[in-house]
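>>> got a predicted model here, sequence first, then my questions.
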Amino acid sequence: MKADSDPIPWLRTLRLIRWPVVTIAALIIGWLVIQSALQIGKETALEAVDRAAGAIEQLGAGFTSTTITETFTAAIPRLGTEGMLLEVAQLEATEIFERRDEKRALYDLVPLGVTVSEIRVPVTYRYHLRLEDRWTLDVKDGICLVHAPAIRPTQPPAIHTAGMEKRIENSWLRFDETQVMEELEQSLTLRLSARAGSPQRIDLVRETCRVRVADFVRSWLLAEGQWGQGRILAVDVLFADEDARDLESPLPPKG
């Protein structure tokens, strides 16, 4: 009987398909590995985004429009100067005061002449804000708008008597020029205090005060880590007697 030299049919078939099967299996395994890596990478990226968002949220948590005022107010006791006053401006000026004193005798029928006394005196006005007064801070689009208290004069003004100049003109019928000058001198403090709080004087220092308050708040924001790119980039200041329309543009960060 002749032996059959061909292998078993199923074995021959297995030999024919083994390499295609191996190739397909390798492709499937590779695809699974790639998908797994992509999934891990996707999860890692999402986790990174979540962490970044969480950090940003935590960074700004204390400085939303609803909480920044509370945070600032709570910090005032350690920010305050002596007497809880924030000095914001100083103005040097030479003030002139004149007094004319006319007298008559015999039921005002006889004129005795006019005494004119004049004083020129250098003065230093100082202005401040009360830290215990109402402050409100709002944050929007990287700008911190500070609603600050009213500007107040520090009383009394500093009178530099060393630079005081006096002039007097007197009628030959008057002998009270010394008294008239003394009365004018005694009224200086009251008159200067009134001038210090006048709208004209306050307007002269208003923009200086605005810059000083902005610097004060900016320093606080720096200390709190809230100043710079991605945080607060500008500060604007609105005083109690101002309207928002009075503002020109927010104060940018210093170089």
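Okay, I see it. Numbers count the residues shown, from 1 in each chain.
>>> only C-alpha atoms from now on, for both contacts and neighbour counts.
OK.
>>> any chance you could map the strands in the protein?
All strands of the chain, identified by DSSP state E, fall at 85-105, 110-130, 136-140, 143-148, 152-159, 165-169, 234-239.
>>> what mean pLDDT does the third one have?
Mean pLDDT, strand 136-140: 92.
>>> give me the sheet partners of that strand and which way each runs.
Partners of strand 136-140 in the sheet, by DSSP bridges, are strand 143-148 (antiparallel).
>>> and among the strands of the chain, the most buried is which?
Highest mean neighbour count among the strands of the chain (mean count of other CA atoms under 10 Å): strand 234-239, with a mean of 22.
>>> against which helices or strands is that one packed?
strand 143-148, helix 199-223 (3 or more CA pairs under 8 Å, 6 or more residues apart in numbering; DSSP states H and E).
>>> please repeat the previous calculation with a cut-off of 6 Å.
Applying 3 or more CA pairs under 6 Å, 6 or more residues apart in numbering; DSSP states H and E, one finds that strand 234-239 contacts strand 143-148.
>>> just the angle for the strand it packs on relative to strand 234-239, thanks.
20 degrees (axes from the mean of the first three to the mean of the last three CA atoms, to 10 degrees).
>>> report the angle between strand 143-148 and strand 110-130.
Using the same axes, to 10 degrees: strand 143-148 against strand 110-130 is 140 degrees.
>>> report the inter-axis angle for strand 143-148 versus helix 199-223.
Using the same axes, to 10 degrees, strand 143-148 lies at 130 degrees relative to helix 199-223.
>>> contacting residues around strand 143-148?
Trp135, Thr136, Leu137, Asp138, Ile232, Ala234, Val235, Asp236, Val237, Leu238, Phe239 (CA atoms under 6 Å, 6 or more residues apart in numbering).
>>> what of stretch 78-97?
118-131, 209, 212.
>>> quick one: which of the strands of the chain is nearest Thr71?
Set against Thr71 and scored by CA to CA, the strands of the chain come closest in strand 136-140, at 9.6 Å.
>>> still on that earlier bit, Ser219 is nearest to which of the strands of the chain?
Of the strands of the chain, nearest to Ser219 by CA to CA is strand 234-239, at 10.9 Å.
>>> any idea of the mean pLDDT in that closest one?
Averaging pLDDT residue by residue across strand 234-239 gives 96.
>>> can you list the strands of the chain in CSV and add distance to Arg218?
Below are these laid out as CSV (distance: least, CA to CA, whole Å):
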stretch, distance to Arg218
strand 85-105, 14
strand 110-130, 16
strand 136-140, 12
strand 143-148, 9
strand 152-159, 22
strand 165-169, 43
strand 234-239, 7
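>>> quick one: residues contacting Gly142.
Contact analysis of Gly142 by CA under 6 Å, 6+ apart lists Ile232, Leu233.
>>> do Asp101 as well
Contacts of Asp101 (CA under 6 Å, 6+ apart): Val114, Thr115.
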